[in-house]
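In: Sequence and predicted structure below; questions after.
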Amino acid sequence: MKKFLLVILVALLAAGFVSANGQQGSSASASAPASATYPSKLPAGLSGDDLAFAKFTEPVDVHIGMSVSPIDTTLAPGESAGNNYYTKTLKELYNINVIVDWTAAEGNDYNQRTSLAIASNAMPDAMVVNNLSYLTKAAKTEMLYNLGPMWDLMASTQVKGIEATTKGRARDMVSVDGTMVGIPNITVATDGVIVMNVQKNWLDELGLAVPKTVADIEKVARAIKAADPAGNGQTIPITGPDKSGKLYSTFLESSNLSHGFDPIFQAHDVWPGYFLDAGGGKATYGSLDPKMKDVLTVLARWYKDGLIDPEMGVRDSEGELVNANRNGIWFGPWWAIGYGNGDSYKNNPKVNWQTYPVYTDDGKWFSHMKAPGMSATIINKNADPNVVAAILIMNNHLVANEMAMQQATDAAIGWYPLRTVEAAGDETEHEYRELTKVLEGTASPEDYNDPKSIYKNLYADAQVVKSVIPGWAKGKELATTDFDQSQWNFFSRMLAIFIGDRPYSTIPVDKEVYSLTYSTSDLIEQRWANLWKLESETMMQIVTGKQPVSAFDKFATDWLAQGGQAILDDVAATYLK
């Protein structure tokens, strides 16, 4: 199997994703902006993709801070965050030495370490920030590199093409006062579409239909609780957020929320955490909608009746329940059932997780939509131009070769240094459609052999899709048993695309809701921490029964009085002119 994967990697390299000396094929490109400093340790006279994938003539050290998973065990013996397949590849192809100054566990620990690095003005050369408020804060204190000219010089054709799919929104997202200060995370639109994951093998065993509405979910959850299919009282019908999670997405964290309850709110046409146009030139905040009380009443009843995990809000990781196959229903983005719960299938290869929308009572599917991305790589303003160029080359390489690298090593892609995901907005839906053509025999893998395609994983996926889904049949609802789980990384991805993203790829969304803004302003920066603390604590206390639902009314009044109204006026003046 490993030989097969290495053959794929060699083929991708030969096809032009990256050549043996680290360079991609030549392409025409405009000359570098006059304000960009040409890196002194790169061969002179290069431009375009020759420069974007060039190898330094001398070693370049890049110091980073890094988020690591405390439960990931995929590194080989003797490997570390700073010494593994990915760092060795960067050294071999580009003469880049990645030096990890510090690591912190992903989630709250890493965010706290990021905040400390910014507050103490002790940034390494670069680090990924998981919340754009960190980028804004660092920029406002003049800690960040003016990246625009160097990005224009060094970003690959592919990276620029992906950014172009956002119509400038991605670059705006990482710009402060008109200055680009970060490499933007660009994710597929469906990352912000939160769907329902159901352990359908339990439903089949109990003779239950797939739930469609909120009322259906409650009926199914009660049946699961009564039947206790996990045994010994271990069954959790519905999971909720863990101690680092949220009840719902917000304008600042609008995507990739697992184990929140976004679909339940949206099925009630309620949009918490988002700034919305109230008409008449005024803005409102979705969490103030009086219909919030209807949703909170439902969730509080579910929690009281034991339908929601009793350790919601305090459990270290709700993902532990999914991996142990102890829960029946949970909510998350398209990729969650493939990439997010690998041990689930190792513990039970026949577990049948399926993904569906949650509908309104009259059969409509409503969904909020996300920002172009939610994270960014930020670079210290004191970094040498060679270091900045190295960081951009690292990003170019990741975008072009992420899939190939994953197939060449057992190390999880999360170990790639400064991993900032970039994907075309419609990548997963495009792949669903095109890979279906390959499965049907109306297209061949070679139809997608374009190394500079913005759909950067499509060719590699097309080459293996038939072997990874031997149980495919036209019109069939695929199950886990239809996939070849021995091709683990491809299995995870194909499962996520063909089951996790099946709803968004095949079912029109009746109403898509965007926030007026996905970023902070000076005023939001000043007030938001206290306002969010008030909101998140009140909502969680209502759901868990520590406060009555009527506490919502006081929250709404207090939110406006404690700076919320000023923020609404500011948002309206900025975005509803």
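Out: The structure has been received and is ready for your questions.

In: you'd agree Ile183 is up against Leu392?
Out: Yes - between Ile183 and Leu392 there is a contact at 7.2 Å, judged by CB atoms under 8 Å. Backbone N, C-alpha and C define where each C-beta goes, glycine included.

In: All the helices of the stretch 301-450 of the chain, residue numbers only.
Out: Taking DSSP state H, counting those that start in this stretch to define them, one finds helices in the stretch 301-450 of the chain at 319-323, 336-339, 342-347, 385-408, 427-440.

In: one step back: so Ile183 and Leu392 - more neighbours on which side?
Out: Ile183 (28 against 24; other CB atoms under 10 Å).

In: Correct me if wrong, but the more buried one is in a strand.
Out: Yes - counting by DSSP: H, G, I helix; E, B strand; the rest coil, Ile183 is part of a strand.

In: Report the contact partners of it.
Out: Applying CB atoms under 8 Å, 6 or more residues apart in numbering to Ile183 gives the contacts 147, 151, 174, 376-377, 379, 391-392, 395, 420.

In: Quickly name whichever of the residues you listed is closest to Leu135.
Out: Ala376 (5.3 Å; CB to CB).

In: ok, so what distance separates the closest one from Ser47?
Out: Plainly put, Ala376 is 26 Å away from Ser47 if you go by CB to CB, to the nearest Å.

In: Just give the closest residue to Gln547, not the sequence neighbours.
Out: Excluding its sequence neighbours, the residue lying closest to Gln547 (CB to CB, 6 or more residues apart in numbering) is Gln541, at 4.3 Å.

In: which residues touch whichever strand or helix holds that neighbour?
Out: Gln541 belongs to helix 522-543 when assigned by DSSP states H and E. Under the contact criterion CB under 8 Å, 6+ apart, helix 522-543 has outside partners 133, 136-137, 140, 240, 246-247, 250, 252, 272, 287, 296, 299-300, 303, 308, 312-313, 520, 547-549, 551-552, 555, 558-559, 562-564, 566-567, 570.

In: and the residues you listed, which are buried?
Out: Buried members of the contacts of helix 522-543, counted by 16 or more other CB atoms under 10 Å: 133, 136-137, 240, 246-247, 250, 252, 272, 287, 296, 299-300, 303, 308, 312-313, 520, 547, 549, 551-552, 555, 559, 563-564, 567, 570.

In: coming back round to it: overlap of the contact sets of Ile183 and Leu392?
Out: Common neighbours of Ile183 and Leu392 (criterion: CB under 8 Å, 6+ apart): Trp151.

In: Tell me the confidence at the residue minimising distance to the centre of the chain?
Out: Nearest to the mean C-alpha position of the chain, counting by CA atoms, centre = their mean, stands Asn256 at 4.7 Å. Reported pLDDT at Asn256 in the predicted model: 89.

In: Was I right to think it contacts Pro333?
Out: Yes - between Asn256 and Pro333 a contact is recorded at 5.2 Å, counting by CB under 8 Å.

In: residues shared between the contacts of these two?
Out: With CB under 8 Å, 6+ apart as the test, Asn256 and Pro333 both reach 191-192.

In: For the helix holding Gln541, buried residues please.
Out: For helix 522-543, using 16+ other CB under 10 Å, the buried residues are 524, 527-528, 531-532, 534-536, 538-543.

In: where do the helices sit along the stretch 451-577 of the chain?
Out: Under the criterion DSSP H, counting those that start in this stretch, helices of the stretch 451-577 of the chain are mapped to 458-468, 488-495, 502-506, 522-543, 551-559, 565-575.

In: TSV for the ones you listed, including mean pLDDT and distance to Ala122?
Out: Shown next, in TSV, are the helices of the stretch 451-577 of the chain (pLDDT from 0 to 100; distance: least, CB to CB, whole Å):
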stretch	mean pLDDT	distance to Ala122
helix 458-468	96	40
helix 488-495	91	36
helix 502-506	97	42
helix 522-543	95	21
helix 551-559	98	35
helix 565-575	95	31
